[in-house]
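Undergrad: Sequence unavailable; structure follows:
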């Protein structure tokens, strides 16, 4: 069975440790996903957006890790907009169980933020939303 190619979108300035945790989970023996590529830390210009679009289009789903400052992370919102334009599924993952996590500005009002549990993650990767 092939694994779901997953792009991780996250706030580089505040949540890189969360990205590392998700990458670690992708290496579990029973993981249904693999990390195909991740957010790019570059200035947001046309070249950056073209590079992000190419990477996102090469994936099956975008996992958006939400932290305390995700609402101000312009790169995360740009990546969500690209996923929306390219009709690539994405989901919002609550990065911290004990903190107030915020949706990116580009998220829709109907986008639900899911608790980060192994069971939820496996279901979300499989399209359960």
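TA: In hand now; what should we look at? Since we're looking at a predicted model, the values are computed, not measured.
Undergrad: tell me the secondary structure for residue 48?
TA: Assigned by DSSP: H, G, I helix; E, B strand; the rest coil, the conformation of residue 48 is helix.
Undergrad: Next, work out how far apart it and residue 9 are.
TA: The gap separating residue 48 from residue 9 is 13 Å, by Cβ to Cβ, to the nearest Å. (C-beta placed from N, C-alpha, C; glycine too.)
Undergrad: ditto for residue 26
TA: 15 Å.
Undergrad: re earlier: so for residue 48 and residue 9, which sits in the more crowded spot?
TA: Comparing residue 48 with residue 9 by other Cβ atoms under 10 Å, the one with more neighbours is residue 9, at 29 against 15.
Undergrad: the helices in the protein, which residues?
TA: For the chain, the helices defined by DSSP state H cover 16-26, 46-57, 74-86, 118-125.
Undergrad: Out of those helices, which gets nearest to residue 109?
TA: Closest approach to residue 109 among the helices of the chain is made by helix 74-86 (13.3 Å; Cβ to Cβ).
Undergrad: Give me the residues contacting the closest one.
TA: Outside of helix 74-86, the residues within contact range by Cβ atoms under 8 Å, 6 or more residues apart in numbering are 7, 9-12, 39-41, 44, 49, 52-53, 56-57, 62, 64, 70, 88-90, 104-107.
Undergrad: which of the residues you listed count as buried?
TA: 7, 9-11, 39, 49, 52-53, 56, 62, 64, 70, 88, 90, 104, 106-107 (16 or more other Cβ atoms under 10 Å).
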